[in-house]
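Q: from the sequence below, what's the structure:
(2 chains)
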2 protein chains.
Amino acid sequence: MAASGSSSKSHAFQAPRGTRDFFPPDMAVRRHLEECWRHTSTHWGFQEIEGPTFEHLDLYTVKSGPGIVSELFSFERSGGDTTYALRAEFTPTLARMAVAKGNSLPVPTKWFSIPCLFRAERPQRGRLREHVQWNVDILGLADPSADAELISVAVAALDRLGLDPSQVQVKYSHRDVVARLLSGLGVPEEKLPTAFELLDRRDKMPPEVFTEKAVALGLDESGVQRFDELAHARTEPGVDPSTLGDLSSDDLEQLVATHRSLVDHGIADWCHVDLGIVRGLAYYTGTVFEIHETSGKERAIAGGGRYDHLVELFGGPSMPACGFGMGDVVLSLVLQDHGLITPDTLMPQPDVFVVCADDGAADQLIPICTRLRAAGLHARRSYKSTRNVGKLLKEAGQHRARAAVILGGELQEGIVAVKDLAAGTQHDVSLADLETTILDMLASP
Amino acid sequence: MAASGSSSKSHAFQAPRGTRDFFPPDMAVRRHLEECWRHTSTHWGFQEIEGPTFEHLDLYTVKSGPGIVSELFSFERSGGDTTYALRAEFTPTLARMAVAKGNSLPVPTKWFSIPCLFRAERPQRGRLREHVQWNVDILGLADPSADAELISVAVAALDRLGLDPSQVQVKYSHRDVVARLLSGLGVPEEKLPTAFELLDRRDKMPPEVFTEKAVALGLDESGVQRFDELAHARTEPGVDPSTLGDLSSDDLEQLVATHRSLVDHGIADWCHVDLGIVRGLAYYTGTVFEIHETSGKERAIAGGGRYDHLVELFGGPSMPACGFGMGDVVLSLVLQDHGLITPDTLMPQPDVFVVCADDGAADQLIPICTRLRAAGLHARRSYKSTRNVGKLLKEAGQHRARAAVILGGELQEGIVAVKDLAAGTQHDVSLADLETTILDMLASP
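A: Just a heads-up that it's a prediction; the model follows:
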């Protein structure tokens, strides 16, 4: 894949900076991710939706304030009075669509989407200007089992892609628990958002900067130390959060409820509590989670949580809701790190490759391909003028065809040769039996 | 589907004008089209590619001149010196990608893509500001069989979608043939582009305007009449173009070569010559075609042809090329017109729906769903608190599940009830045999 990083003057013939060209092997990988996402969401009972690639700019400022504008690609219709923006996230579109349904929205509503999203930022490893993101949301359920169900669909897709709990882990926490712990340390109510932000960025700054910012929250020396401990408090994978200690019964209850539902969903060993996870965005209200490579090498693979005020914010009814997003860029890097990306085997493989070894048979090349395709087969042919069977079969092999059909002089008698390219066997077949012969060959193990 | 046409002040919570929200039934239709397109292209040996959603604006002005800018949504990175545009067509991206491959580009290169495209125009029936377009291209082949192969992949997708040659027809022509005929009528060389444009728009103007514009080309009365005849000259579906009459042997040769290859591809009855088809764009060089509903009610479903100078125009080698685009908007209207859009049957259908009819079994609802999904099944469950089996089975039916699993008091003895919702039969099953029982039921006819 060609990810463009150039900003030279003669740019017209390059992809814009931070965007990607997907040649066939790259596209095979992208489709593989998308199919894993779609298959898993569907089997978990989620229904697919999609919205416009751009929205009214106001849709984003409502949720995130005017500060978001500099991170968006925005534009006007020439001569118009409306400003649009390329979507940077799918959640506002989802909320808008939920509000539009009004009272006809089923409870629960389980939706997923696989949109392209855009950021007007400087591209970095794992963060491009255009990426594909899997979004999964449950509207209408307040129970912790909904949070666990969301996590389970994310884990199931990663499992399907070949990852295991030693390679990736879901880190989860609960905003209420963290808020109570912070209050207990002496962080005043009005500084909780700043404290959340500091927690969210704790691993992106030197320890002395963390300490400085913790002091600015109003914490004394022991408070700073306990804040630092809180930021790094975590359980072992699959272990009951009661082991964390030092938590009130309210705190424990919220974390344990999620843990128990993760056990019910059969994914407890993929997950552990990490009280340093709070998610930067202000709109999260309950359970929050991020999925990380255990090596810590890459950015978060996915992030999400509960945002019970979201639909209300966009003018809809008060409604519990939770969701997550998983982008293709970090996920691809993680799969690459673990040797789980194999474009060659992901590219579609022809059932049959038709070649012509005799000039007299050339006019049957296309009609025979047409017959094979009409029988439901993925059929390709040689476009070369050579009649050398060795060269032509080599080409069939390069296409990784399962079978080759060789048209020779015997075609006048209604006979063609069929070669099983895996087994290496070849035999003559009556033209009338061609489709059934190949279908039988493909059905055999 | 909600296609937005409003431009009211309180627009923040509506989709932008000319764009669409795809709720689950709309998305099922969109995925159905995309899957038909992808399946057909793949079985015909085309490989999928994709590019960025926006490109450097210059990429579009190179091909189409500065006049194109007003039809594009363009924008700048704030503080940057680069102007981008949302892609209005895929061909420039394709050409850029082909040029980037240089000498490593295989001959032929058969690529397809299913991008979202954007037009900054006033939305009309069949033309929205955002749409999805199937693009199919063959690079490196000059033979008429390549044009026919392109047409055959388009026809195969329409066939797969349920259309037949009485409902849709491929109208094809050849720019060289039309140019020679126009010259023969007395149109001077420098006015050929204007004459092509007039032909392209012949059915969008009153006859007197057509006559007026034909006179402006320098034609006398008899020339205008013959021009009008030319604009409406067509063959019957599947019939040899020799029947057209009044054509030179050169003209006939070019049309007949395409016809013969359409016969080889088994699709001659889907196609007829229409000398009024020239395609508006200047870059077409040979065979051109459009696919129309035979009623003439809707706009063109698809359009394409040969553009042998395209890759060269973008800085690549001289290379024959042909391609077409088919958008989702007109195609959906045509399928609707013929009753071929059935969202209900296209939406994913659960294999099994799990319900709980006894409070004592409630804690097994999620674990049993998890087991069924682990067995590869599309499993949903009731989120309702009722334990009324009748109501719960009604819900399973609304989800169109194939089977229901009922958890009741017998779960304590390891027994659940499985109901075949199509057959109406129900029997008790040991929990240990649950997955195999359901898999067997699904495998039975």
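
Q: how about the strands in the stretch 251-400 of chain A?
A: Under the criterion DSSP state E, counting those that start in this stretch, the stretch 251-400 of chain A contains strands at A:271-273, A:287-293, A:302-306, A:321-327, A:352-356, A:379-381.

Q: residues touching the residue of the stretch 201-350 of chain A found nearest chain B, list them.
A: Distances between the stretch 201-350 of chain A and chain B by C-beta to the nearest C-beta are smallest at A:D264, namely 4.1 Å. Every C-beta, even on glycine, is put in place using the N, C-alpha and C of the backbone. A:D264 is in contact with A:S145, A:A148, B:D363, B:I366, B:P367, B:T370, counting by C-beta atoms under 8 Å, 6 or more residues apart in numbering or on different chains.

Q: just the strands of the stretch 251-400 of chain A: most buried one?
A: Neighbour counts averaged per stretch over the strands of the stretch 251-400 of chain A are highest for strand A:352-356, at a mean of 27; criterion: mean count of other C-beta atoms under 10 Å in any protein chain shown.

Q: which helices and strands sit right next to that one?
A: Using 3 or more C-beta pairs under 8 Å, 6 or more residues apart in numbering or on different chains; DSSP states H and E as the contact definition, the elements that strand A:352-356 packs against are helix A:365-374, strand A:379-381, helix A:389-398, strand A:403-407.

Q: want to throw the ones you listed into CSV with distance to A:L442?
A: What follows is the helices and strands packed on strand A:352-356, written out as CSV (distance: least, C-beta to C-beta, whole Å):
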stretch, distance to A:L442
helix A:365-374, 11
strand A:379-381, 12
helix A:389-398, 15
strand A:403-407, 7
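
Q: which ones are touching A:A233?
A: Neighbour list for A:A233: A:L244, A:V273, A:D274, A:L275, A:G276 [criterion: C-beta under 8 Å, 6+ apart].

Q: which ones, among those, also lie beside chain B?
A: Filtering the contacts of A:A233 for proximity to chain B (criterion: C-beta under 8 Å from any C-beta of the partner chain) leaves nothing.

Q: returning to what we had before: now render the helices and strands packed on strand A:352-356 as CSV, adding mean pLDDT and distance to B:G316.
A: Supplementary listing: the helices and strands packed on strand A:352-356 in CSV, determined by pLDDT from 0 to 100; distance: least, C-beta to C-beta, whole Å:
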stretch, mean pLDDT, distance to B:G316
helix A:365-374, 97, 28
strand A:379-381, 98, 24
helix A:389-398, 97, 24
strand A:403-407, 98, 32
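
Q: just the pLDDT at the residue of the stretch 201-350 of chain A closest to chain B, thanks.
A: Note on A:D264: pLDDT of 97.

Q: do you know how far A:G162 is from chain B?
A: The span separating A:G162 from chain B equals 16 Å under the rule C-beta to the nearest C-beta, to the nearest Å.

Q: ok, for that residue, nearest residue in space, not its chain neighbours?
A: Using C-beta to C-beta, 6 or more residues apart in numbering or on different chains and skipping residues adjacent in sequence, the residue nearest A:G162 is A:L340, 4.3 Å away.

Q: between the helices and strands packed on strand A:352-356, which one is closest to B:S444.
A: Taking C-beta to C-beta as the criterion, helix A:365-374 is the member of the helices and strands packed on strand A:352-356 that comes nearest to B:S444, at 29.1 Å.

Q: buried residues in that closest one?
A: Within helix A:365-374, the residues scored as buried using 16 or more other C-beta atoms under 10 Å in any protein chain shown are A:L365, A:I366, A:I368, A:C369, A:T370, A:R371, A:L372, A:R373.

Q: residue contacts, the residue nearest to A:G162?
A: With contacts defined as C-beta under 8 Å, 6+ apart, the neighbours of A:L340 are A:L161, A:G162, A:L163.

Q: turn these into TSV, including secondary structure and neighbour count.
A: What follows is the contacts of A:L340, written out as TSV (DSSP: H, G, I helix; E, B strand; the rest coil; neighbours: other C-beta atoms under 10 Å in any protein chain shown):
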residue	secondary structure	neighbour count
A:L161	coil	19
A:G162	coil	14
A:L163	coil	21
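
Q: for B:G316, state which of those is nearest.
A: Nearest to B:G316 among the contacts of A:L340, counting by C-beta to C-beta, is A:L161 at 36.1 Å.

Q: ok, back up a step: now the helices and strands packed on strand A:352-356 as JSON lines including distance to chain B?
A: Conversion of those to JSON lines gives the following (distance: least, C-beta to the nearest C-beta, whole Å):
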{"stretch": "helix A:365-374", "distance to chain B": "4"}
{"stretch": "strand A:379-381", "distance to chain B": "4"}
{"stretch": "helix A:389-398", "distance to chain B": "10"}
{"stretch": "strand A:403-407", "distance to chain B": "14"}
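
Q: for those, which one sits closest to A:R202?
A: Nearest of the helices and strands packed on strand A:352-356 to A:R202, taken as C-beta to C-beta: helix A:389-398 at 51.8 Å.

Q: what's the angle between that closest one and strand A:352-356?
A: With axes from the mean of the first three to the mean of the last three C-alpha atoms, to 10 degrees defining the directions, helix A:389-398 sits at 160 degrees from strand A:352-356.

Q: can you give me the buried ones in helix A:389-398?
A: Within helix A:389-398, the residues that qualify as buried by neighbour count (16+ other C-beta under 10 Å) are A:V389, A:L392, A:L393, A:E395, A:A396.

Q: now the nearest residue to A:R373 once chain neighbours are set aside, which residues is it bridged with?
A: For A:R373, ignoring the flanking residues on the chain, the nearest one in space by C-beta to C-beta, 6+ apart is A:A379 at 5.1 Å. Assessed by DSSP bridges, A:A379 has beta-bridge partners A:V352.

Q: I'd guessed A:P320 sits against A:D147; true?
A: No. In terms of C-beta atoms under 8 Å, A:P320 does not count as a neighbour of A:D147; the distance is 10.2 Å.

Q: quickly list what's touching both of the two.
A: With contacts defined as C-beta under 8 Å, 6+ apart, the residues shared by A:P320 and A:D147 are A:R306.

Q: which one's more surrounded, these two?
A: When A:P320 and A:D147 are compared for neighbours, A:D147 comes out ahead with 27 against 21, by other C-beta atoms under 10 Å in any protein chain shown.

Q: my read: that one touches A:S261, true?
A: Yes. Under the criterion of C-beta under 8 Å, A:D147 makes contact with A:S261 at 7.3 Å.

Q: before we move on, the earlier item: most widely separated two among the contacts of A:D264?
A: Using C-beta to C-beta, the two most remote members of these are A:A148 and B:D363, lying 13.4 Å apart.

Q: residues contacting A:G223?
A: Applying C-beta under 8 Å, 6+ apart to A:G223 gives the contacts A:L185, A:G186, A:A214.

Q: give me the low-pLDDT residue ranges for the stretch 151-300 of chain A?
A: Along the stretch 151-300 of chain A, the parts satisfying pLDDT under 70 run over A:281.
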